[in-house]
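K.L.:
Sequence first, then the predicted structure, then my questions.
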Amino acid sequence: MTRPTRTRGRGLDRMTKGLDALFAQPTTKLFVTLLVEALEPDSPIRDHYVAIHDTLRSHCKRWLDEFAPLTGLSTEALAVAIVGAGIGIHQQWLVAPDRVDVGQSLAALRALVAGMVSTTGT
């Protein structure tokens, strides 16, 4: 099944807008701050963060499954990289907002992802 580039572009736009919207919330700082706590193996919030990351990767993988990755990598691996990059962009912005342009950084991520998928469905 062949998907037009226009459809692929809309999917990429939805994905990057979704990441941007998720981290544009007033709770972004709280999300990132608590993430450090969740890194501890005995943290009471660890399971919640595992679930959040699972959900983000699942949504991303579902979108990627509509297209054939050109890299030979699994959609699971690509979803991990994309979600990790999105979270990392926002962490950098929180630390140095005058040095990180979230919009431009997400546009760069979008361009990278666009180059990794084909319009031919899996």
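P.N.:
Okay, I see it.
K.L.:
rest of the way, CA atoms for contacts and neighbours
P.N.:
Will do.
K.L.:
I'd like the distance from stretch 81-88 to the chain centre, please.
P.N.:
Put simply, stretch 81-88 sits 5 Å off its chain's centre (CA atoms, centre = their mean, to the nearest Å).
K.L.:
cool, stretch 85-101 as well?
P.N.:
On CA atoms, centre = their mean, the centre of stretch 85-101 falls 14 Å from the chain's centre.
K.L.:
Regarding stretch 39-52, how distant is the last residue from the first?
P.N.:
13 Å (CA to CA, to the nearest Å).
K.L.:
for the strand or helix carrying G84, what is the average pLDDT?
P.N.:
For G84, the host element (DSSP states H and E) is helix 75-95. On average, the pLDDT along helix 75-95 is 89.
K.L.:
Please state the offset of the helix or strand hosting H53 from the chain centre?
P.N.:
In this assignment (DSSP H and E), H53 forms part of helix 46-64. The chain centre lies 9 Å from the centre of helix 46-64; the measure is CA atoms, centre = their mean.
K.L.:
neighbouring contacts of it?
P.N.:
Helix 46-64 has contacts (CA atoms under 8 Å, 6 or more residues apart in numbering) with 11, 15, 35, 37-40, 75-76, 78-80, 82-83, 117.
K.L.:
And what about the residue in the chain sticking out farthest from the centre, helix, strand or coil?
P.N.:
Within the chain, D42 marks the point farthest from the mean C-alpha position, 26.2 Å out by CA atoms, centre = their mean. Three-state assignment for D42 (DSSP: H, G, I helix; E, B strand; the rest coil): coil.
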